[in-house]
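Asks: fold the following.
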Amino acid sequence: MMRYAARMRAGIAVVAATVAVLAAVAPSAIADQPEPGATAQSVFNKPGPYPVATTVRTNPCQESVWGMFQHIVVHMLGNRDDMTCTQAFPNGLESPVGVNTYYPANIAELPDAPLMVFTSGFDANPGMYDALARQWASNGFVVVIPYEFFNSLLYVPTLGVATAVVANRDPNSPLYNKIDLSRTLFGGHSGGGQAALQAGTALPGIASMIDPAMRVRGVLAIEPGPLAVGALVSLPTLFLTGYNDWVVPDFAWVRWWQYNLSFQAPAWIANARGVSHFSPVDGLDNYLSAGTALAWLRYQAFGDEVAKDYFVGPDWRLPADKTYFSVDRNPLAAALS
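Replies: You can find the predicted model right below:
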């Protein structure tokens, strides 16, 4: 009996040693893989590893008369969290035109960071996207949010690009020579999504004239307005829609003359259950496509393999993501490997 117990103890010791060796050799390869059935929201909707630096200051939107009106409207339409706003007019007395900038606080110690130019929705205050911008910056992006109330045409994201280029060239800026303009992405919500698609149409061909290093990598169009045509966009594009969105319904222009006509470059469209037109200005836990947006940005800007698995290959993960009522990709996206 004692001999048997000794053999058992020896066997347990061998197993324990083997597990320890395996854990030491490849912990990250196992830990980085999502559990079966994990949603993009559960995997990616979390802060990144970097602290965030910004001069942006926000307050509850309902502290102004205009903000109170916006607050009431979005809560009537299903938002759960209180929005945040800056003092940009009409939510305050500061200039209605400007650019808000976010970046990793330790950017001086990091490799050059990709640029995300994100345009707010029509009549939206830029502070409403503060949580998204901070999440992206904490994941290694320089994020600029240009704004001017209407936020619906090409000149708005162009203002964001100009601000980033100037900061990248300014020796007195913390972003001096730290923005990788060769990894520029455009994004936007509602009217801003429309403006991002316009930027994805007009700017790639002249990017090197704006700055010799500049290259545009893709467009993130969240519930975009109608004044953009997918056939004119030559960049990888992700369209995010909402099943409860009656302002930009998935079955309207965002599908018919934007996604369906995207034949020059890979394109994806994902229609999230429980998401309304104003969900992107809700809290990140209540905007159910926040994780998917970050996954796509990480795939495009960093080549993140875990993120890539949600969009690429015969077994791409997004169709199995229970967040979505429907998910599609065009033939060029399906051909990616």
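Asks: my guess is Ala40 meets Thr292, correct?
Replies: Yes: using C-beta atoms under 8 Å, Ala40 makes contact with Thr292 at a distance of 4.2 Å. C-beta coordinates here come from the backbone N, C-alpha and C atoms, glycine included.
Asks: which neighbours do these two share?
Replies: Common neighbours of Ala40 and Thr292, counting by C-beta atoms under 8 Å, 6 or more residues apart in numbering, are Tyr310, Leu318, Asp321, Thr323.
Asks: most neighbours out of these, which is it?
Replies: Tyr310 (29 neighbours; other C-beta atoms under 10 Å).
Asks: distance check, it against Met68.
Replies: 38 Å (C-beta to C-beta, to the nearest Å).
Asks: ok, the shared contacts of Ala40 and Thr292 vs Ala131, which is closest?
Replies: Thr323 (18.2 Å; C-beta to C-beta).
Asks: contacting residues around the closest one?
Replies: Contacts of Thr323 by C-beta under 8 Å, 6+ apart are Thr39, Ala40, Gln41, Ala272, Arg273, Leu288, Ser289, Thr292.
Asks: just Leu132 next, same as before
Replies: Applying C-beta under 8 Å, 6+ apart to Leu132 gives the contacts Phe118, Pro280, Leu284, Tyr287, Ala290, Ala293.
Asks: same thing but at 7 Å, please
Replies: Ala290 (C-beta atoms under 7 Å, 6 or more residues apart in numbering).
Asks: ok, the one 3 residues further on next?
Replies: With contacts taken as C-beta under 7 Å, 6+ apart, Gln135 has the following neighbours: Pro47, Gly48, Leu284, Leu294.
Asks: and of these, the nearest to Leu336?
Replies: Of these, the one sitting nearest to Leu336 (C-beta to C-beta) turns out to be Leu294, at 19.2 Å.
Asks: from Phe149, how far out is that closest one?
Replies: 27 Å.
Asks: neighbour-wise, which of those two wins?
Replies: Leu294 (27 against 18).
Asks: inside helices: which ones of the contacts of Gln135?
Replies: Judged by DSSP state H, the contacts of Gln135 include Leu294 as members of helices.
Asks: and the contacts of Gln135 as CSV, adding pLDDT?
Replies: Shown next, in CSV, are those (pLDDT from 0 to 100):
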residue, pLDDT
Pro47, 96
Gly48, 97
Leu284, 97
Leu294, 98
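Asks: so what pLDDT did the nearest residue to Asn79 once chain neighbours are set aside get?
Replies: With C-beta to C-beta, 6 or more residues apart in numbering as the criterion, Asn79 has its nearest non-adjacent residue at 4.5 Å, and that residue is Asp282. pLDDT for Asp282: 98.
Asks: residues contacting Asp282?
Replies: So Asp282 contacts Asn79, Arg80, Asp81 (C-beta under 7 Å, 6+ apart).
Asks: one more time with 8 Å
Replies: Taking C-beta under 8 Å, 6+ apart as the test, what Asp282 contacts is Val74, Asn79, Arg80, Asp81, Met83.
Asks: how about Glu223?
Replies: By C-beta under 8 Å, 6+ apart, the neighbours of Glu223 are His189, Ser190, Gly193, Leu240, Thr241, Gly242, Asp245, Val247, Val248, Val254, His277, Pro280.
Asks: any idea how far Tyr299 is from Gly218?
Replies: 9 Å.
Asks: kindly apply the preceding question to Pro60 instead.
Replies: From Pro60 over to Gly218 (counting by C-beta to C-beta), the distance is 33 Å.
Asks: so for those two, which sits in the more crowded spot?
Replies: Gly218 (25 against 14).
Asks: can I get the helix or strand encompassing the more buried one in CSV? Just the C-alpha atoms.
Replies: For Gly218, the host element (DSSP states H and E) is strand 216-222. The C-alpha trace of strand 216-222 is given here as CSV (Å, rounded to 0.1, in the frame of the first residue of the first chain):
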residue,chain,number,x,y,z
VAL,A,216,-5.4,55.3,-45.7
ARG,A,217,-6.1,51.8,-44.5
GLY,A,218,-9.8,51.6,-44.1
VAL,A,219,-13.2,53.0,-43.0
LEU,A,220,-15.4,52.2,-40.0
ALA,A,221,-18.9,53.4,-41.0
ILE,A,222,-21.3,53.2,-38.0
